[in-house]
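Student: Need a 3D model of the following:
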Amino acid sequence: MFSFLRPLTVPVTYTRWLHLLLPGAVVSVWLFISTDTPWVPVVLAALVGLIPGMRLAEGVQAQLLLTPEERGDPGATVSAAPSTSWSERWRTSLWLEVRLVCAGLAGMATVWLSATTVDLIRSAAGSQPSAEWFAAGLGTHWWAALLAPVPLAMLLAVVVGCGELITAAARWLLGPTPKQRMTALEERTEQLLERNRIARELHDSIGHALTVAVLQAGAARAAHDPEFTERALAAIEETGRNALDDLERVLRVLRESGTPSSSGQRPSLSEADRLLDSARGSGAEVDAELSGPLEQVPASVSREGYRILQEALTNVLRHSESVAVRVRITVADGRLELQVTNPLAGSTVTTGSGSGLRGIRERAALLGGSARTGPYRGEWIVHANLPLDHIL
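Tutor: Numbering: from 1, shown residues only. Have a look, this model is predicted:
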């Protein structure tokens, strides 16, 4: 199909045509009442545009008929919100005037070109055209049928052109202001940050639970000891319950349209013993040293510190299995320092490029701190340094 015919196959072309013809219906009603005052609709449109709610009504209608592909899009080029300033009110008034002009052009073209097509067909059929000027110039000729498609083609060209014109005017006059664009951008950024945080939460919590469960199940199968198997199943059950609690909390955040769950419902470093016991139960020899007032660490820092410790232990269990692990958590001088160290197995190569280790560095950066992960003198080290005065 030729490119110039493509607009005729798009539904939005005809919804824009409908948008163009709607004001003509309103003006026709007024002209039916009074033909001596055709200027009244023009003045009335300018005054109605000053009503704040009119911008909302016109924006919704423009989104529905002119730019339907942008409905529900936070970055829509036509805003659907009431006027909040006199500048927006004047722009709405100007929009209504432009809409009346475009409606007049489209309406006259629709009526005149349609009537011309009918007259050409009447002429080809041997009947006199209805328009006197047309009848005088054309008469009745069979070849008039060959000209009948020309006015229709012109009408379609007018419809496409006026549709593009009114859409451009809507984006200019009804489009979001710079303040609205900045607000929409901030909301979008907050949504992306929240989604990224939820993805990290799920990765750390569920990944840790699955790693512990797999290791416990494998150890129980290899031990052939009913007592050990009982302890392993208990550890798997506890880890699974904790993971389900975390999953339910995250899903609740996704379902709710309001503010997310409070930070008090999320795990903190005060629950670090749970992670250490889980790692010990999975076969790791954990040497932990916690110093400083952990209970005084701000909730946001404590929460992210817990997740960093969880991912570091998960990484150890996933790549090194039974190994000695040193955990050092220190709160002093307005900072939280967390370090997890384990010897590198001879056959184990860990690049540190996984999403979990990247998440550790992202968490530290969001708190204004730093984190480094990687091999050092035959050991794998995860070290995070977080300021206590940074609140998320």
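
Student: Go ahead and confirm Gly104 touches Gly24.
Tutor: Yes. Checked against C-beta atoms under 8 Å, the pair Gly104 and Gly24 is within contact range at 7.1 Å. Just so you know, the C-beta spots here come from the backbone N, C-alpha and C atoms, and that holds for glycine as well.

Student: of these two, who's got more company?
Tutor: Comparing Gly104 with Gly24 by neighbour count (other C-beta atoms under 10 Å), the higher total belongs to Gly24, at 17 against 14.

Student: Check the secondary structure at the more buried one for me.
Tutor: Using DSSP: H, G, I helix; E, B strand; the rest coil, the secondary structure recorded for Gly24 is helix.

Student: Let me see the contact set for it.
Tutor: Each residue near Gly24 by C-beta atoms under 8 Å, 6 or more residues apart in numbering is listed here: Ala103, Gly104, Ala106, Gly107.

Student: could you redo the last one with a cut-off of 10 Å?
Tutor: Applying C-beta atoms under 10 Å, 6 or more residues apart in numbering, we find Gly24 in contact with Leu100, Ala103, Gly104, Ala106, Gly107, Met108, Thr110, Val111.

Student: Can you point out the buried residues in the helix or strand where Trp30 lies?
Tutor: Using DSSP states H and E, the element containing Trp30 is helix 11-33. Taking 16 or more other C-beta atoms under 10 Å as the basis for neighbour counts, the residues of helix 11-33 that come out buried are Val12, Thr13, Thr15, Arg16, Trp17, His19, Leu20, Pro23, Gly24, Val27.

Student: Include distance to Pro151 and pLDDT when you put the residues you listed into a markdown table, please.
Tutor: Shown next, in a markdown table, are the buried residues of helix 11-33 (distance: C-beta to C-beta, whole Å; pLDDT from 0 to 100):
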| residue | distance to Pro151 | pLDDT |
| --- | --- | --- |
| Val12 | 23 | 89 |
| Thr13 | 18 | 89 |
| Thr15 | 23 | 92 |
| Arg16 | 20 | 90 |
| Trp17 | 16 | 90 |
| His19 | 22 | 91 |
| Leu20 | 18 | 89 |
| Pro23 | 23 | 88 |
| Gly24 | 19 | 82 |
| Val27 | 23 | 82 |
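
Student: Out of those, which is nearest to Arg197?
Tutor: Nearest to Arg197, judged by C-beta to C-beta, of the buried residues of helix 11-33 is Val12 at 37.7 Å.

Student: I figured Val42 was touching Val101, is that so?
Tutor: Yes. Shown here, Val42 and Val101 form a contact pair, counting by C-beta atoms under 10 Å, at 9.3 Å.

Student: Helix or strand next in line after the helix or strand bottoming out on mean pLDDT in the chain, which one?
Tutor: Sorting the helices and strands of the chain by mean pLDDT, DSSP states H and E puts helix 132-138 at the bottom, at a mean of 52. Once helix 132-138 ends, the next helix or strand along the chain (criterion: DSSP H and E) is helix 144-147.

Student: show me the contacts for the residue lying closest to Leu56 once chain neighbours are set aside.
Tutor: Leaving aside its chain neighbours, Leu56 sits nearest to Pro82 (4.6 Å; criterion: C-beta to C-beta, 6 or more residues apart in numbering). Shown in contact with Pro82 (C-beta under 10 Å, 6+ apart): Ile51, Pro52, Gly53, Met54, Arg55, Leu56, Ala57, Gly59, Glu88, Arg89, Thr92.

Student: Any idea how many residues pack against the first one?
Tutor: A total of 15 residues lie near Ile51 under the criterion other C-beta under 10 Å.

Student: OK, contacts around it?
Tutor: Ile51 makes contact with Ala57, Pro82, Ser83, Arg89, Thr92, Ser93, according to C-beta under 10 Å, 6+ apart.

Student: all helices in this structure, in order from the N-terminus.
Tutor: Listed from the start of the chain, the chain has helices (DSSP state H) covering 11-33, 40-48, 52-65, 86-124, 132-138, 144-147, 149-173, 178-223, 226-255, 272-281, 299-320, 355-366.

Student: Pick the most buried one from those.
Tutor: Most buried of those by mean neighbour count (mean count of other C-beta atoms under 10 Å) is helix 299-320; its value is a mean of 23.

Student: Spatially nearest residue to Val42, not counting backbone neighbours?
Tutor: Leu100 (6.3 Å).
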